[in-house]
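S.K.: No letters, just coordinates:
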């Protein structure tokens, strides 16, 4: 469907047509529903264009009566808040509308000064938005739209109590100045279903793919690797394939820093990104990666949701996530907007429960393979040596294949 088929102003339609050939499915379905002031529940794969699906509709709504805050978009991370506001900026400028991001790590007084200019759209993280609402720094008397982007991540990260407090401070749906609510997510857990039922009023449900499904363009490979061999296995794969950009996911912040040091020592340009970094450091590191000044970015799940990196070819899970939904979002950083991508996971014996949960969620076989040069040994019993005989390479490989076969049969 071309953009001209939507009831959008010429400025926005022209800009959209210059940047994109056609609407994505979620945009075709969500934009008209939001413009009709309906509550919306949209479940769509990562990389399917959800940001513009709600963003364009909000801009079209607020342009008719500017100079006061009319829409709020809640997102789980600072990076996503900045990315959303930057994505909307060209369209907002075209119609003389202001959209700003509000998140932690930035002086609150500076943000209060920005709010004095009455920006029409606020893109915010829950904690900072709640602080500013309690400080009465935001006039929400004319607010008509609330969007929860990456709603499942907002729930997983424990933001729901803050979101409930925020909603209590917004114009009530039982008042004359009621607001519409839209929820956008790539996965839809039973807990999120419960919260959606409480929050949304007869929503227009939009589901463009099978729930919790993966993008078709991703080539997934899973290797069974000893836990202690993962760093060397990663270094080997990076050097062997010489990919221009690789996003590596790991569980803990300390592990991210330790792995980064090992990669740099091995001659690989790498940087780490996680919650312990200052906002300035996080912005600089992400920009270096986007500009390919750093080849490998090692991140915790901070980046798994919503961050768009143009033409990212490879995602590698050095550790599987403890939540199966996070796997979908992690590997969804590649193969965005119809492109192809590679997703590699290094799996050790201790991650079998995580792998089972991922298989169940995605309904995919996700078969384990042996990684050449990194044979896997069974856990030794108390009476066995912890080291395989160095002079029995053939026996070691046979043992590795047997270990993988046993692992597959159990899982």
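M.R.: Happy to help now that I have it. What you are looking at is a predicted structure, and each value in this text was computed from that prediction instead of being measured. Numbering: from 1, shown residues only.
S.K.: do you know how far the residue lying closest to residue 319 once chain neighbours are set aside is from residue 317?
M.R.: What sits nearest to residue 319 in space, not counting adjacent residues and going by CB to CB, 6 or more residues apart in numbering, is residue 251, at 4.6 Å. Placement of C-beta: from N, CA and C, glycine included. Using CB to CB, to the nearest Å, residue 251 is found at 10 Å from residue 317.
S.K.: quick one: buried residues of the helix or strand residue 128 falls within?
M.R.: For residue 128, the element it lies in under DSSP states H and E is helix 126-134. Along helix 126-134, the positions that meet the burial threshold by neighbour count (16 or more other CB atoms under 10 Å) are 126, 128-133.
S.K.: again with stretch 201-211
M.R.: 203-204, 206, 208-209.
S.K.: and if you look at stretch 66-85?
M.R.: Neighbour-count burial for stretch 66-85 flags 69-85 (criterion: 16+ other CB under 10 Å).
S.K.: and stretch 97-113, average pLDDT?
M.R.: The average pLDDT for stretch 97-113 rounds to 94.
S.K.: That one: end-to-end distance?
M.R.: 17 Å (CA to CA, to the nearest Å).
S.K.: Can you name the residues in contact with it?
M.R.: By CB atoms under 8 Å, 6 or more residues apart in numbering, the residues outside stretch 97-113 that reach it are 59, 62-63, 66, 77-78, 81-82, 84-85, 88-89, 92, 114, 117-125, 127-129, 131-132, 135, 137, 278-280, 282.
S.K.: Could you do stretch 225-237 as well?
M.R.: So stretch 225-237 is contacted by 223, 248, 259, 262-263, 266, 268, 316, 318-319, 344, 346-350, 371, 373-374, 376-377 (CB under 8 Å, 6+ apart).
S.K.: In three-state terms, label residue 328 for me.
M.R.: Three-state call for residue 328 (DSSP: H, G, I helix; E, B strand; the rest coil): helix.
S.K.: mind listing which of the buried residues of stretch 66-85 are in helices?
M.R.: 78-85 (DSSP state H).
S.K.: Between residue 251 and residue 317, which has more neighbouring residues?
M.R.: residue 317 (24 against 17; other CB atoms under 10 Å).
S.K.: Distance check, that one against residue 216.
M.R.: Taken as CB to CB, the span from residue 317 to residue 216 is 19 Å.
S.K.: what does residue 345 give?
M.R.: 18 Å.
S.K.: Right, I'll leave it there.
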